[in-house]
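Undergrad: Predicted structure and sequence below. I'll ask about it afterward.
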Amino acid sequence: MDFQDSLVHHQCVHKWFECQVEETPDAIAVIYGAQQLSYRQLNANANQLARHLQTLGVRADTLVGICMDRSPNMVVAMLAVLKSGGGYLPLDPTYPRERIELMLEDSQVPVLLTQQKLADAVPTGSIHSVYLDTQREDIASYSPENLDISVESKNLAYVIYTSGSTGKPKGVLIENQALFNFVQSLTQKYEVTAKDRALQFASISFDVAVEEIFVTLVKGATLVLRSQEMLRSIPAFLHTCEVWNISQLNLPTAFWHKVCAELPSVEIPSCVRLVVIGSERAVPHWLVAWKQHVSSDIRLVNAYGPTEATVGSTLCDLAGPNAVSTTGNRVLPIGKPIDNVQTYVLNEELQPAPFGVAGELYIGGRGLAREYLNRPELTAESFIFIEHPEAGRIRLYKTGDWVRYREDGQLEFLDRIV
């Protein structure tokens, strides 16, 4: 089995990344201020850390916490955990101590990758902490070569906790095969190339960071980590994007609304070719402003998806060369499912709702999470099985979102049911 065949067989994003390293070892993978790592350096650092993790007992499905500031080491840590066979739990150090403590206690991670300066802020207890800043020399003593271990598609890739807006935060277990399918689909949908420079905007604890990081690194593009300073104003943000020659932006919808509110006094840099928005409903009024003042060459994609279905499940081009019609619409579409994902709009009897009739959105396919961590009853309630007339028995995630199909097959998000 050659490398590419192994990639398809195992469906692991870190193997895909290793393949890209072989093709473009000297290309710049990550930039943060004056710091930068080539693909070769990023891979070597991740391999060394992965070997260190193995000496600490990390194996398939072992959960490893990552709590550190936005930096190249954050990306190294994510790759290292995957390479070691484990799954990572991202913990944003800016979160309240109580929330971090809740996630650590619930997940029972045996190992935490962090920084010395955060030692007093993170309630680790009996967890074995590895400080990537002060222990760098020890970690660098390990081999930088790729690891020869078997990581399977059904092994854990990561666990991300939901916001807890509808109750207690829940840990969602995502497997390698689900992550691989998502990344593979989006690299095609977004037409990512090695020439792209993507801004890493989201918190590490928000699953959009998964999209920003891995969709970029499997294609030889450059990941540029944002600074806090660039967020001081919309003009400052856009100016920095222009200086950094950013071509891809993945923005919270609320932040995009702020950008639109300042048009036309600000301009979207000509280097930007793709803007992806998501996490809440986009307002039609701001789309009108966007279309009036932003070049039609720039794609604006509305993304939708729950954490339980691996970051994103549907996409819709709202502006740009492939935009769908939104004229006169009071609700902007969230689009159609990505590859190997299926969407179903069902009524209370779990029967398909006709086009134009509202129902609850259910999601099926390769993107579904394994389960909720330590929540078997909630897993059984949210992930159900139904008999499909053609596919037989299928597993679906019950989103709790009220949607409908337009005549063109695009989904519209209407409201939360619960």
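TA: Noted; the coordinates are in hand. Residues are numbered from 1 along each chain as shown.

Undergrad: Which pLDDT value belongs to H239?
TA: If you check H239, the pLDDT there is 98.

Undergrad: where does it land in three-state SS?
TA: Secondary structure state of H239, per DSSP: H, G, I helix; E, B strand; the rest coil, is helix.

Undergrad: Same question for L249.
TA: Taking three-state DSSP, the label given to L249 is strand.

Undergrad: Report the secondary structure state of R99.
TA: helix.

Undergrad: wait, what's in contact with it?
TA: P169 (CB atoms under 8 Å, 6 or more residues apart in numbering). All C-beta atoms are positioned from the backbone trio N, CA, C, and that covers glycine.

Undergrad: Quick check: pLDDT value at it.
TA: pLDDT, R99: 92.

Undergrad: so how far is I204 from it?
TA: Counting by CB to CB, to the nearest Å, the gap from R99 to I204 is 14 Å.

Undergrad: and what of A27?
TA: Distance from A27 to I204, by CB to CB: 23 Å.

Undergrad: quick one, which of those two is more surrounded?
TA: The neighbour count for A27 versus I204, taken as other CB atoms under 10 Å, is higher for I204 (25 against 15).

Undergrad: Make sure the more buried one is actually in contact with R70.
TA: Yes: taking CB atoms under 8 Å as the definition, I204 is a contact partner of R70 at 7.3 Å.

Undergrad: Quick one: mean pLDDT over stretch 144-162.
TA: The model assigns stretch 144-162 a mean pLDDT of 96.

Undergrad: Check the separation of the first and last residues in it.
TA: 35 Å (CA to CA, to the nearest Å).

Undergrad: all numbers from here: first residue = 466
TA: Sure, I'll start numbering at 466, so the last one becomes stretch 609-627.

Undergrad: pLDDT weak spots in the stretch 466-615 of the chain?
TA: 466-475 (pLDDT under 70).

Undergrad: Please repeat the previous calculation with a cut-off of 80.
TA: Low-confidence segments of the stretch 466-615 of the chain, defined by pLDDT under 80: 466-475, 586, 589.

Undergrad: which residues in it form helices?
TA: Ranges of helices within the stretch 466-615 of the chain are 468-475, 478-488, 504-520, 537-549, 562-572, 601-604, based on DSSP state H, counting those that start in this stretch.

Undergrad: Turn those helices into JSON lines, including distance to S744.
TA: Below are those laid out as JSON lines (distance: least, CB to CB, whole Å):
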{"stretch": "helix 468-475", "distance to S744": "31"}
{"stretch": "helix 478-488", "distance to S744": "22"}
{"stretch": "helix 504-520", "distance to S744": "28"}
{"stretch": "helix 537-549", "distance to S744": "21"}
{"stretch": "helix 562-572", "distance to S744": "18"}
{"stretch": "helix 601-604", "distance to S744": "35"}
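
Undergrad: Would you mind saying which of the ones you listed lies nearest E745?
TA: Nearest to E745, of all those, is helix 562-572, at 20.6 Å by CB to CB.

Undergrad: With adjacent residues omitted, what lies nearest to A674?
TA: Nearest non-adjacent residue to A674, counting by CB to CB, 6 or more residues apart in numbering: A667, 4.3 Å away.

Undergrad: Tell me how far the one you found lies from T779.
TA: 19 Å.
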